[in-house]
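okay, sequence plus prediction incoming.
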Amino acid sequence: MSTTTTAVLVPLLPFLGAVAGLLLGRRAPGLVRPLAVLPTLAAAVLAAVVAWRQGGGGTLTAATRLTPTGSVPIDLALNLDGFAVLVAVLVGVVATCVQLYSTAYLRSDPRYPSYAALVSLFTSAMLLVVYSGDLMVLLVGWEIMGICSYFLVGHYWETEAARAASLKAFLVTKLGDVPFLIGIFALAADAGTFRINGILTAASSGGIEHPTLVALLLLAGVAGKSAQFPLHTWLPDAMAGPTPVSALIHAATMVAAGVYFIARLLPVFTASAAALVVLAVMAAVTMVGSALAALAQDDIKRVLAYSTVGQLGYMTGALAVGDRGAAVFHLVSHGAFKALLFLGAGVIIHAAGTNSLAAMSRMNGLAKRIPDAYWTMTVALLALAAIPPFSGFFSKEAVLGAAEHAATGDGHGIPGAAGWTVLIAGLVTALLTAGYAARLWLLAFHGKGAEAADHGREPLAMTAVLWVLFLPTVALGLAAWKLPDWFDGGSLTPTLTTSVLSTGCALAGLIVTYAAWRRARALTARTPLGAVAADPEGAPYVSEEETIASHEAAYGGIAGAPDPADPGRLLLGPLHRHAVSGFHLDAVYRVLFVRPVRDAARLARFLDREVVEAYVRGAGTAPRLLGAAVRRAQTGNVQTYLSALLAGSVVLAVAAVLVATGA
């Protein structure tokens, strides 16, 4: 079988599995799990075969005319290079792990058949985006992922949080997709084709007439899909969905699509220095802001959600300095350890006995009860914090090294301002990332919250998947030396300066967070129950009764007192109350957009009911009254007609007499 045929089967198999699952899910329940796992597993194997055959060499392309349009044609095209085949392997492996994990995690869920089918469709859509060589076909996969995320995030539609989160995810991403679609049409109009290789040829030869406008329009869609500032607010709320869905969205689909899109069309963005600076500023704000927000969250999944936003900021930062190899390297590395972290969080949630959310301050004794999650997540958190020798260190160093080259003038035309912006923000974020990673580890595994009931050993399907993802989390850093040809052939090995700086920042973050945790423990130990303590810097501690009440309302599950020793509150001080709400960006959106739209809707309703309908009602009332009057005169009664005739004659006679007398 040729490489092209094999590549066609990669997105096709999960799609067929999704269709079969939707059609047979209720009729043949025994087939649901095989239809969920086997097509996705086969797609992952075939993606690995395609990657092996492609070997990081030249781009393999194949195309057939899908439909004539009269102007710019649309082709069903494949574009297989090192980036595409590696990302496809990541998608296949993570999706397979999610499907296996879900067979145990959602084993008693009555809606599991539709859930599994949607996950397969989600996987197929992302693989279509990865392999597509035509922007219109890519757009199909792009939009299918949007609708799949709507249904999957809202899986627990009985809860208000899930319904609101799914609607918010759909609307925010669609807000970015409108300019994104316009940008695609403008790009195709300038290049004369939707084919990616034709667009890249036009961009390299200066054939794009309005590169800045096109790049900014496309960037709006990327900001929505990849949850970058200011369209990132949907991603933390999307944690209301099942935990395996969070792993899929954050590690291998949806949010990775935007980064991959820019990497694929990077020459279009590098043609505009202004667009690169905007991208760099967006990445910097996203990195630092999301890391501060992660340091303040109590729900473990929201910590990981804000972490994803920040790590995506690293990827867009690498793209802003013109190094798509570093961006995709970090995308693949991050996909492995973030999938492990989310699936490990699912094990924690299952063991803690809470709902789909889990407050870290309410956990106690989990390190001994779930050793598989404890050890694998410990390594994944070290990778997230970029501690050598784990994969996150090498991929993050590739990003910072690229930023250093751009900042020092070695970026081959990349603005130095973009390089400095990404480099400084990346180092600050490295410090904060290590801080919230250490905080998560301390609170989740070594906290002193309420003791949850022991549910026994976690299902093998859940714990085995953690060890599968553990391997790339540990070893994927070797790709910096072994697979340079897969990433444009550029060097991905760490540089001395950024390695020392970022590792120093990460170690400082770990040490400071641990010291703050110890201090917070000492402070809360001296504070009587119900009191509000404050450290010398003025960072308040919420009383245990207040914390219990808020967590019971938000999470349910474990009864008892949470652990109030939160180093994040101590480290952030007065900034904590702003960071915990995402710096009130949702409130700003409510004031700037939601309220004006609702007010305009109320005005439109008033005008429709009281003005437009008043004219309509008036136009109908006058003929109705006239008809009623005429109908009363036409009774069909002869006596009535004679009486009316006699009365009329009398009136005429009286009138005639009056006229004659007056004359």
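Thanks, I have the structure now.

give me the below-cutoff pLDDT ranges for the stretch 451-600 of the chain.
451-456, 525-564 (pLDDT under 70).

what ranges does it have for its helices?
For the stretch 451-600 of the chain, the helices defined by DSSP state H, counting those that start in this stretch occupy 460-475, 479-482, 496-525, 544-554, 567-572, 576-579, 585-589, 595-606.

mind giving me TSV with those and columns for mean neighbour count?
C-beta: built from backbone N, CA, C; applies to glycine. Below are those laid out as TSV (neighbours: other Cβ atoms under 10 Å):
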stretch	mean neighbour count
helix 460-475	20
helix 479-482	16
helix 496-525	18
helix 544-554	15
helix 567-572	24
helix 576-579	17
helix 585-589	14
helix 595-606	10
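
distance to residue 196 added to those, as CSV?
As requested, the helices of the stretch 451-600 of the chain are exported to CSV (distance: least, Cβ to Cβ, whole Å):
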stretch, distance to residue 196
helix 460-475, 28
helix 479-482, 24
helix 496-525, 32
helix 544-554, 45
helix 567-572, 43
helix 576-579, 40
helix 585-589, 34
helix 595-606, 36
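
which of the ones you listed sits closest to residue 296?
For residue 296, the closest of those is helix 576-579, at 3.8 Å, according to Cβ to Cβ.

the closest one: how far from the chain's middle?
In terms of Cα atoms, centre = their mean, to the nearest Å, the centre of helix 576-579 is found 22 Å from the chain centre.

and if you look at stretch 129-136?
With Cα atoms, centre = their mean as the basis, stretch 129-136 stands 20 Å off its chain's centre.

start the count at 42, not 1, going forward
Sure, I'll start counting at 42 from here, so that last one is stretch 170-177.

could you work out the end-to-end span of that stretch for me?
10 Å (Cα to Cα, to the nearest Å).

show me the contact partners of that stretch.
48, 51-52, 102-104, 107, 115-121, 125, 128-129, 132, 179, 182-183, 186, 225, 228-229, 235-238, 240, 298, 301-302 (Cβ atoms under 8 Å, 6 or more residues apart in numbering).

OK, contacts around residue 477?
By Cβ under 8 Å, 6+ apart, the contact set of residue 477 is 332, 335-336, 344, 347-348, 554, 609.

hmm, back to that, between the helices of the stretch 492-641 of the chain, which one is closest to residue 169.
Residue 169 sits nearest to helix 501-516 of all those, at 23.5 Å, using Cβ to Cβ.

now do that closest one: distance to the chain's middle.
On the basis of Cα atoms, centre = their mean, helix 501-516 is displaced by 23 Å from the centre of the chain it belongs to.

show me where this structure has its strands.
Using DSSP state E, the strands of the chain run over 101-108, 115-121.

mean confidence for the longest one?
Going back to what we said before, that points to strand 101-108. The average pLDDT within strand 101-108 is 84.

repeat for the last one
When pLDDT is averaged along strand 115-121, the result is 90.

could you list every helix and strand in contact with that strand?
helix 44-65, strand 101-108, helix 153-172, helix 176-194, helix 237-245 (3 or more Cβ pairs under 8 Å, 6 or more residues apart in numbering; DSSP states H and E).

can we see that at 6 Å?
For strand 115-121, the packing partners by 3 or more Cβ pairs under 6 Å, 6 or more residues apart in numbering; DSSP states H and E come out as strand 101-108.

now do the residue lying closest to residue 182 once chain neighbours are set aside, the pLDDT please.
For residue 182, ignoring the flanking residues on the chain, the nearest one in space by Cβ to Cβ, 6 or more residues apart in numbering is residue 169 at 3.5 Å. In this model, residue 169 is scored at 95, pLDDT.

distance of residue 169 from residue 416?
According to Cβ to Cβ, to the nearest Å, residue 169 and residue 416 sit 36 Å apart.

circling back: out of the contacts of residue 477, which are buried?
Neighbour counting by 16 or more other Cβ atoms under 10 Å classes 332, 335-336, 344, 347-348, 554, 609 among those as buried.

okay, who's weakest in these by pLDDT?
Least confident by pLDDT among the buried ones among the contacts of residue 477: that is residue 609, with 88.

isn't it up against residue 481?
No. Applying Cβ atoms under 6 Å as the test, residue 609 and residue 481 come out as separate, 9.6 Å apart.

now do the shared contacts for the two.
The overlap between the contact sets of residue 609 and residue 481 (Cβ atoms under 6 Å, 6 or more residues apart in numbering) is empty.

picking up where we left off before, of all the strands of the chain, which lies closest to residue 66?
When the strands of the chain are ranked by proximity to residue 66 (Cβ to Cβ), strand 115-121 comes first, at 29.2 Å.

what's near enough to touch the residue lying closest to residue 328 once chain neighbours are set aside?
The shortest distance from residue 328 to any non-neighbouring residue, by Cβ to Cβ, 6+ apart, is to residue 354 (3.7 Å). By Cβ under 6 Å, 6+ apart, residue 354 lies in contact with 324, 327-328.

try residue 121
Counted by Cβ under 6 Å, 6+ apart, residue 121 has contacts 48, 95, 101.

tell me the contacts of the last one?
Read it as residue 101. With contacts defined as Cβ under 6 Å, 6+ apart, residue 101 is in contact with residue 121.

any idea how far it lies from residue 95?
From residue 101 to residue 95 the distance is 6 Å (Cβ to Cβ).

what does the first one give?
Distance, residue 48 to residue 95, using Cβ to Cβ: 9 Å.

circling back: now, which of the contacts of residue 477 sits nearest residue 389?
Lowest distance from residue 389 to the contacts of residue 477 (Cβ to Cβ) belongs to residue 344, with 11.6 Å.

and that closest one, how far from residue 102?
Distance from residue 344 to residue 102, by Cβ to Cβ: 42 Å.

shaky segments in this protein?
Across the chain, residues meeting the criterion (pLDDT under 70) sit at 394-398, 406, 452, 490-497, 566-605, 704.

report the central residue of it.
Geometric centre of the chain, nearest residue: residue 276, 4.4 Å, by Cα atoms, centre = their mean.

contact partners for the nearest residue to that residue once chain neighbours are set aside?
Excluding its sequence neighbours, the residue lying closest to residue 276 (Cβ to Cβ, 6+ apart) is residue 268, at 4.0 Å. The contact partners of residue 268, taken as Cβ under 6 Å, 6+ apart, are 276, 296, 350.

thinking the last one is in contact with residue 332, fair?
No. Between residue 350 and residue 332 there is no contact, the gap being 8.8 Å when judged by Cβ under 6 Å.

tell me who's in contact with residue 310.
Contacts for residue 310 (Cβ under 6 Å, 6+ apart) come out as 256, 316.

7 Å - rerun?
Residue 310 makes contact with 256, 303, 316-317, 320, according to Cβ atoms under 7 Å, 6 or more residues apart in numbering.

tabulate the residues you listed (JSON lines), appending neighbour count and distance to residue 548.
Below are those laid out as JSON lines (neighbours: other Cβ atoms under 10 Å; distance: Cβ to Cβ, whole Å):
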{"residue": "256", "neighbour count": "25", "distance to residue 548": "38"}
{"residue": "303", "neighbour count": "23", "distance to residue 548": "32"}
{"residue": "316", "neighbour count": "22", "distance to residue 548": "35"}
{"residue": "317", "neighbour count": "27", "distance to residue 548": "31"}
{"residue": "320", "neighbour count": "27", "distance to residue 548": "30"}
